[in-house]
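*Asks:* I need the structure of the sequence given here:
(chains A and B)
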Amino acid sequence: ETGVTQTPRHLVMGMTNKKSLKCEQHLGHNAMYWYKQSAKKPLELMFVYNFKEQTENNSVPSRFSPECPNSSHLFLHLHTLQPEDSALYLCASSHATSGGETQYFGPGTRLLVL
Amino acid sequence: QKEVEQNSGPLSVPEGAIASLNCTYSDRGSQSFFWYRQYSGKSPELIMSIYSNGDKEDGRFTAQLNKASQYVSLLIRDSQPSDSATYLCAVKGSNDYKLSFGAGTTVTVRA
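*Replies:* Alright, predicted model coming up:
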């Protein structure tokens, strides 16, 4: 297993469902990120974790709930989502959140909310 | 004003030509700049990072940075059909660790 992995790769859910996205990094990094990518829009940063501590919540609705049990794993718990939440959700990791550290992205989870 | 702006594209170039991608940013204190390539349906992958004024070359790719003009560009020489993708400019702000992304420029290389 290499780099940053994400599961599931595709997810279809109803507005009343609860699901979780999982991200795992095998790069020895200390910082992990969740991004949302909607069609024709720039990547939107959602959450940042640095050494398992959440250091950024970019005004994300509470129907998105992140969890970072350790520096290698990151989850995004989803509940009562809206159709406009349909997007590509990308996880990324880097060595640290300071300086010019490069972020490496996972393959993403393509989410469709019906 | 958007934090990071890219030429909107799409950009179509013939095979073998130079593709020129431009990016401007609003945070004058920014120190770290990145170009990512994203194929359709895939995640972004890092192509280049640049931190100092001037040019940085890596194979067929050259990144150019001018902090005074708040401008960073990417040149793709000898463009190949495999270079057809969306290119994202990302800038790390001066006071935090967040990456701000541009909306991307879609490049199509015509065979």
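
*Asks:* near chain B, which residues of chain A show up?
*Replies:* A:31, A:40-43, A:45, A:48, A:50, A:55-56, A:88, A:90, A:96-108 (CB under 8 Å from any CB of the partner chain). (C-beta placed from N, C-alpha, C; glycine too.)

*Asks:* Cross these against strands and list the overlap.
*Replies:* The strands, defined by DSSP state E, take in A:Ala31, A:Leu45, A:Val48, A:Asn50, A:Thr55, A:Glu56, A:Leu88, A:Leu90, A:Tyr104, A:Phe105 from the residues of chain A next to chain B.

*Asks:* Include pLDDT, neighbour count and distance to B:Arg77 when you put the residues you listed into CSV, please.
*Replies:* As requested, these are arranged in CSV below (pLDDT from 0 to 100; neighbours: other CB atoms under 10 Å in any protein chain shown; distance: CB to CB, whole Å):
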residue, pLDDT, neighbour count, distance to B:Arg77
A:Ala31, 89, 24, 34
A:Leu45, 91, 19, 32
A:Val48, 90, 23, 36
A:Asn50, 83, 19, 38
A:Thr55, 76, 14, 39
A:Glu56, 75, 17, 37
A:Leu88, 96, 19, 30
A:Leu90, 97, 25, 29
A:Tyr104, 92, 19, 25
A:Phe105, 95, 23, 25
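
*Asks:* from the residues you listed, which is closest to chain B?
*Replies:* For these, the closest approach to chain B (CB to the nearest CB) belongs to A:Phe105, at 4.3 Å.

*Asks:* how much space between the residue nearest to the closest one when sequence neighbours are not counted and B:Leu88?
*Replies:* Excluding the flanking residues, the one nearest A:Phe105 by CB to CB, 6 or more residues apart in numbering or on different chains is B:Ser43, at 4.3 Å. In this view, B:Ser43 and B:Leu88 are 11 Å apart by CB to CB, to the nearest Å.

*Asks:* Neighbour count for the two, which is higher?
*Replies:* B:Leu88 (27 against 20; other CB atoms under 10 Å in any protein chain shown).

*Asks:* that's a strand at the more buried one, yeah?
*Replies:* Yes: checked against DSSP: H, G, I helix; E, B strand; the rest coil, B:Leu88 lies within a strand.

*Asks:* Can you pull the poorly scored residue ranges out of the chain?
*Replies:* Went with chain A since none was named. A:1-2, A:97-100 (pLDDT under 70).

*Asks:* Wait, chain B was what I had in mind.
*Replies:* Applying pLDDT under 70 to chain B picks out residues B:1-2, B:95-97.

*Asks:* tell me the contacts of the most centrally placed residue in chain A?
*Replies:* With distances taken as CA atoms, centre = their mean, chain A has A:Trp34 as the residue nearest its mean C-alpha position (2.9 Å). A:Trp34 makes contacts with A:Cys23, A:Leu45, A:Met46, A:Phe47, A:Pro66, A:Leu74, A:Leu76, A:Tyr89, A:Leu90, A:Cys91, as judged by CB atoms under 8 Å, 6 or more residues apart in numbering or on different chains.
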